[in-house]
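Chemist: Okay, here's the prediction I keep looking at, along with the sequence it came from:
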Amino acid sequence: MKNRIYLIFTTSFFIFCFVIFYKGLNNSNIYTPKSDAKKNIPTFIAKDFYSKNKISSEKIFSNNDLHVLNIWASWCVPCREEHSILMELSKNRLIKVIGLNYKDNLNNAQKFIDELGNPYSQILTDKDGTLAIEFGAYGVPETFIIDKDRKILKKFIGPLNKKILKEIELYLK
Amino acid sequence: MKILKLFLIIFILNNFSQSEASEKSEELKNKILKNIRCLICQGQSVYDSESDFASSIKLVVEKKINEGLTEVEIYKFLKEKYGQWILYEPELSKNTYILWLLPMLLFLLGGAIIYKNLIIKKK
């Protein structure tokens, strides 16, 4: 009797573990912190891609538009994939698309823009990737939706697509 | 000659204290980096990783130490940006209380079993 209980207990324990781990296989291994609170963007001074002048975050996010900050690099393949979406987004006059060029060679970045078009109203450079960290980014591509009060409404990890484009446009309503 | 000696002593002492300070900040930096998780790597700390994410975090931590932030303040900053997961040691919260309390409960349970068995044996 005692052996039987022991057997049932051990088998059910292993089944329980198996189910937990099997379910875990389907979970995404990209971790994103859950947060309902809207966070303020960091205050920073960044270098402009073209003029090489230093600009403050207050100046960049000064107008009342909805801002879309896109972190990109010429070496990043998914950035190429999402570029057409950004071009489409830039046609909307109520949205200001800002680019943050991440750990990139400036010549290659220029070639990338020349080849695929420039959707950005302003491009900032982040040579060592520290500015992206201040934003809480993981890598490239990553996109932040920022409201007129300089609060981050949402962040998208990975390339943008048509569905996300519609979601971004919903913030205008 | 005396003045020259004095200058030499001050120079050596100054150099020594500077190198000691930089050694201390390097130690603190390494301690912090070992305690934070590289979020895009598989089971590696930021200290062990060479990924783009980890190398940027290393620079940010160094910058924050130079700005005079304490270890706790740096952890707080990283937690605000990336959530609890970036820290290797989870805080006691409603999501983690089982994690913290279960080992203690098991320890007490084990202790109780051993104690009971010993008393029974003695009797």
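Modeler: Received, thanks.
Chemist: Give me the number of neighbouring residues for the residue in chain B that chain A sits nearest to.
Modeler: For chain B and chain A, the shortest gap (Cβ to the nearest Cβ) falls at B:G83, measuring 2.6 Å. From N, CA and C alone the C-beta is placed, and that goes for glycine too. Residue neighbour count, defined by other Cβ atoms under 10 Å in any protein chain shown, stands at 16 for B:G83.
Chemist: is any part of the worst-scoring helix or strand of chain A on mean pLDDT close to chain B?
Modeler: Per-element confidence for chain A was summarised using mean pLDDT, DSSP states H and E. The lowest value among helices and strands belongs to strand A:39-40, with a mean of 86. Yes: under the criterion of Cβ under 8 Å from any Cβ of the partner chain, strand A:39-40 makes contact with chain B via A:K39.
Chemist: thinking again about what came up before, and the residue of chain B closest to chain A, what's its pLDDT?
Modeler: At B:G83, the predicted lDDT confidence score is 87.
Chemist: Same check on B:S49?
Modeler: Predicted confidence (pLDDT) for B:S49: 94.
Chemist: Pull the contacting residues for the residue nearest to it when sequence neighbours are not counted.
Modeler: Spatially, and ignoring its direct neighbours in sequence, B:S49 is nearest to B:C38 (4.1 Å; Cβ to Cβ, 6 or more residues apart in numbering or on different chains). Counting by Cβ atoms under 8 Å, 6 or more residues apart in numbering or on different chains, B:C38 makes contact with B:Q44, B:S45, B:V46, B:D48, B:S49, B:S51, B:F53, B:A54, B:I57.
Chemist: Look at residue 117 and say how many residues are nearby.
Modeler: Using chain A. Summarising burial for A:G117: neighbours were counted as other Cβ under 10 Å, giving 13.
Chemist: The chain in question should be chain B.
Modeler: For B:N117, using other Cβ under 10 Å, the count is 10.
Chemist: and it, which of the three is it?
Modeler: Using DSSP: H, G, I helix; E, B strand; the rest coil, the structure places B:N117 in helix.
Chemist: what pLDDT does the residue nearest to B:S49 get?
Modeler: B:C38 is assigned a pLDDT of 93 by the prediction.
Chemist: Ok, A:K34 next?
Modeler: Predicted confidence (pLDDT) for A:K34: 61.
Chemist: PyMOL command to pick out the buried ones of the contacts of B:C38?
Modeler: Applied in PyMOL, the following selects the buried portion of these according to 16 or more other Cβ atoms under 10 Å in any protein chain shown:
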select buried, chain B and resi 46+49+51+53+54+57
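Chemist: The least confident helix or strand of chain A: how far from the chain's middle?
Modeler: The gap between where strand A:39-40 is centred and where its chain is centred comes out at 15 Å by Cα atoms, centre = their mean, to the nearest Å.
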